[in-house]
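# Show me how the following folds:
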Amino acid sequence: MAEKAARQPNPVTRYLREVRGELRKVTWPSREESWRLTGIVLVVTLLFALFLWVFDNIFSNGVNLLVEQMLGL
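Model prediction:
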């Protein structure tokens, strides 16, 4: 039984070897592809932020108008 335990690698070492093996299978993007995808993410993020800002202002002004109408200000 001690021999069997001695033959098995340390769980941490085994995990790190498996991670290394899986990382070798990954197809990494080229530098150009990484820059292109980063640009796409930034543009979409900015457009979505602008979209949310516009609708936030519309709804905020709408609520303010409703409150003013209800309070008679």
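# For the strand or helix carrying residue 68, what does the pLDDT average out to?
Secondary structure assigned from DSSP states H and E places residue 68 in helix 31-71. In this model, helix 31-71 has a mean pLDDT of 96.
# Determine how far that helix lies from the middle of the whole chain.
Per C-alpha atoms, centre = their mean, to the nearest Å, the displacement of helix 31-71 from the mean C-alpha position of its chain is 18 Å.
# One more: stretch 14-28?
The chain centroid and the centroid of stretch 14-28 are separated by 22 Å under C-alpha atoms, centre = their mean.
# Any chance you could list what contacts it?
For stretch 14-28, contacts defined as C-beta atoms under 8 Å, 6 or more residues apart in numbering pick out residue 9. Just so you know, the C-beta spots here come from the backbone N, C-alpha and C atoms, and that holds for glycine as well.
# Just the C-alpha atoms of that stretch, please, in PDB.
Provided in PDB are the C-alpha atoms of stretch 14-28 (Å, rounded to 0.1, in the frame of the first residue of the first chain):
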ATOM      1  CA  ARG A  14      -0.400  16.500 -11.100                       C
ATOM      2  CA  TYR A  15      -2.800  19.400 -11.400                       C
ATOM      3  CA  LEU A  16      -0.100  21.700 -12.700                       C
ATOM      4  CA  ARG A  17       1.000  19.200 -15.300                       C
ATOM      5  CA  GLU A  18      -2.600  18.800 -16.500                       C
ATOM      6  CA  VAL A  19      -3.000  22.500 -16.700                       C
ATOM      7  CA  ARG A  20       0.200  22.800 -18.700                       C
ATOM      8  CA  GLY A  21      -1.000  20.100 -21.000                       C
ATOM      9  CA  GLU A  22      -4.300  21.800 -21.600                       C
ATOM     10  CA  LEU A  23      -2.700  25.200 -22.200                       C
ATOM     11  CA  ARG A  24      -0.600  23.600 -24.900                       C
ATOM     12  CA  LYS A  25      -3.800  22.700 -26.700                       C
ATOM     13  CA  VAL A  26      -5.100  26.300 -26.800                       C
ATOM     14  CA  THR A  27      -5.000  28.200 -30.100                       C
ATOM     15  CA  TRP A  28      -3.800  31.600 -29.100                       C
END
